[in-house]
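**Student:** fold the stuff below for me.
(one chain, ligands or ions: 1)
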Amino acid sequence: MSALRLRRDPRAERAARLVPGNGRLRYDMSATPEGPMTSPSGRLRRDPRAERQRLLTTGRDGRARLVRSGLVGQMAAGAASPASVVKKIRVEQPEFFIIVVPDLPEGRLDRTDRQVLGAARKLADAGSGAVVVVGATVDEASLGQAGTDRFVPLSDHSDPEARITELVAVMNALSPRYVLLPESEEGADIARRLAARTGLGLTVGIEALGPKQVIRPCGAGRQEWAGDLTPLMTLAPDRVSAWEGDAHEILPLETMPEKPVLAPARMTVGALQSADPATMNLGDAPFVVSAGRGVTDFTAFRSTVRALHATPGASRVVCDNGDMPRATQVGASGTILDALCYVALGIAGAPQHLQGLGRVEHVVAVNTDLHAAMVARAGLAIIADAQAVMPALCAVLAAEYGEQGA
Ligand SMILES: Cc1cc2nc3c(=O)[nH]c(=O)nc-3n(C[C@H](O)[C@H](O)[C@H](O)COP(=O)(O)OP(=O)(O)OC[C@H]3O[C@@H](n4cnc5c(N)ncnc54)[C@H](O)[C@@H]3O)c2cc1C
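**Tutor:** Next comes the predicted model:
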């Protein structure tokens, strides 16, 4: 005899989910008359509405935001403590250390810094190593996210030799297997000074890195080196990927290296002189605001660029129309940017224009078309008329920073 199975009654189930509405029938599909929803097999079923509700939080502007990591929503619901939700990797007793000396422009990890940390992570994970960042103070959460296990703060020196002395003291204390730096202006200088001071082998401008293999440029070609890696290495930008796995927990070092006694400085490096964003070379500008055919009010555009202390850019159509000088054209037949942030006002995002953004880290698009390619490329999109956004932005900047802008 077969086992007696209760038959479903879809009408009764639907009636049980009926909730009062404004004259219209409404059903709350997450509500179940008999507790959590189960499938015929008895397994708990997913409830996408309830999951979404848990991820909902209120942003600083008072608007509802979905936090995909689930952290904030779950905390609000009191479901779990952050420690139990966020999975962090702990490297407790490493067999060896890999030191990374990032550039940390303006006290934050930039794209190349993260790539160098990604390479260090790869070498550390090939054994049981830990990645140690040595640098000026930086937000530890972003360090952990980039794959760092330990952090040694470095004093802020205006004398490059003093910095090398402090780095050498850290190296003596930790005896790292490798020291990795970006092949940037600053990283390249430190690496060569370290090599000269310590006499350790140095490989520069590495383009591909594995535990037993290195590929680096050589003349017009590339050269592969197999075997033991040199203790000091610099990595070329945009060749190695950043760490994309779970965040690492930054644990304290058992013995913090002692600060060395420094000799009086023989030379000092002065403070960085900032260039005028309005006239600086577009290819070097860190922050570019560009106008496309969607911009009709160029007086407002120029005020916005000034208020943001940005460098002006434009799409080819705008330059062809004579609204902006040809030197401001961004794209394949204009300038390729190396900016940290790009604001595209009324620019569709044609392939030739997007080629100019190859190395831009943050893109903000202002466009009336939600489906514009520039909106797809952007990390933040404002779907609105650029003529309305520009004065609104200037008003916010004036309220926050006065007439001088940001
Ligand atoms: C060989 C070749 C090389 C090229 N090189 C380049 C290059 O280097 N750089 C370059 O930029 N282009 C280049 N182009 C041209 C390119 O293909 C596009 O035609 C051009 O980029 C389009 O410019 P646009 O986005 O400003 O204009 P459109 O394509 O007309 O787009 C305007 C955008 O503005 C939006 N918009 C309209 N009104 C508003 C509003 N009120 N508020 C907000 N948004 C609004 C629209 O939704 C649209 O997305 C090249 C083309 C060729 C064939």
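**Student:** do you know how far A16 is from D28?
**Tutor:** 10 Å (Cβ to Cβ, to the nearest Å). Backbone N, C-alpha and C define where each C-beta goes, glycine included.
**Student:** please disregard the earlier target; I meant H362.
**Tutor:** 40 Å.
**Student:** can you check K87 too?
**Tutor:** Taking Cβ to Cβ, one finds K87 at 33 Å from D28.
**Student:** list the residues that contact the residue positioned nearest the centre of the chain.
**Tutor:** Central residue check for the chain by Cα atoms, centre = their mean: the C-alpha nearest the mean position is that of R111, 6.8 Å away. The neighbours of R111, taking Cβ atoms under 8 Å, 6 or more residues apart in numbering as the test, are 237-238, 242, 359, 361.
**Student:** where does the stretch 201-350 of the chain come near the ligand, residue by residue?
**Tutor:** Those residues of the stretch 201-350 of the chain that sit near the ligand, judged by Cβ under 6 Å from any ligand atom, are 292-294, 315-318, 329-334, 346-348, 350.
**Student:** among those residues, which lie within helices?
**Tutor:** 316-318 (DSSP state H).
**Student:** so where's the stretch 301-406 of the chain uncertain?
**Tutor:** 403-406 (pLDDT under 70).
**Student:** try 50 this time
**Tutor:** By pLDDT under 50, the stretch 301-406 of the chain contains no weakly predicted segment.
**Student:** of all of it, which residue lies closest to the ligand?
**Tutor:** The stretch 301-406 of the chain approaches the ligand most closely through G331 (2.4 Å), counting by Cβ to the nearest ligand atom.
**Student:** count of residues packed around that residue?
**Tutor:** Using other Cβ atoms under 10 Å, the number of residues around G331 comes to 23.
**Student:** wait, isn't it in contact with R316?
**Tutor:** Yes. Counting by Cβ atoms under 8 Å, R316 is a contact partner of G331 at 6.2 Å.
**Student:** does A278 touch T311 like I think?
**Tutor:** Yes. Here A278 reaches T311: they are 7.0 Å apart, a contact under Cβ under 8 Å.
**Student:** neighbour-wise, which of those two wins?
**Tutor:** T311 (25 against 13).
**Student:** and the more buried one, bridged to which residues?
**Tutor:** Applying DSSP bridges to T311 yields these beta-bridge partners: V288.
**Student:** so who does it touch?
**Tutor:** Residues in contact with T311, defined by Cβ under 8 Å, 6+ apart, are 277-278, 280, 282, 285, 287-289, 305.
**Student:** again, 6 Å this time
**Tutor:** 277, 280, 282, 285, 288 (Cβ atoms under 6 Å, 6 or more residues apart in numbering).
**Student:** any idea how far the third one is from the ligand?
**Tutor:** When you say that, I think you mean L282. 12 Å (Cβ to the nearest ligand atom, to the nearest Å).
**Student:** give me the beta-bridge partners of the closest residue in space to that residue that isn't next to it in sequence?
**Tutor:** Beyond its immediate neighbours in the sequence, the residue positioned closest to L282 (Cβ to Cβ, 6 or more residues apart in numbering) is T335, lying 4.4 Å away. Judged by DSSP bridges, the bridge partners of T335 are V330.
**Student:** so T335 touches D284, yeah?
**Tutor:** No. Assessed by Cβ atoms under 6 Å, T335 is found out of contact with D284, at 9.7 Å.
**Student:** those two - which one has more neighbours?
**Tutor:** The neighbour comparison of T335 against D284 (other Cβ under 10 Å) goes to T335, with 19 against 12.
**Student:** circling back to that earlier point, quick one, which of the residues of the stretch 201-350 of the chain next to the ligand are buried?
**Tutor:** Among these, the ones that count as buried by 16 or more other Cβ atoms under 10 Å are 292-294, 315-318, 329-332, 334, 346-348, 350.
**Student:** lowest-scoring secondary structure element of the chain by mean pLDDT?
**Tutor:** Every helix and strand of the chain was ranked by mean pLDDT, DSSP states H and E. The lowest is helix 71-76, at a mean of 44.
**Student:** now the residue nearest to P312 when sequence neighbours are not counted, what are its backbone angles?
**Tutor:** Among residues not flanking P312 along the chain, V305 sits closest, at 4.7 Å (Cβ to Cβ, 6+ apart). Backbone torsions for V305, taken as degrees, to the nearest 10, come to phi -60, psi -40.
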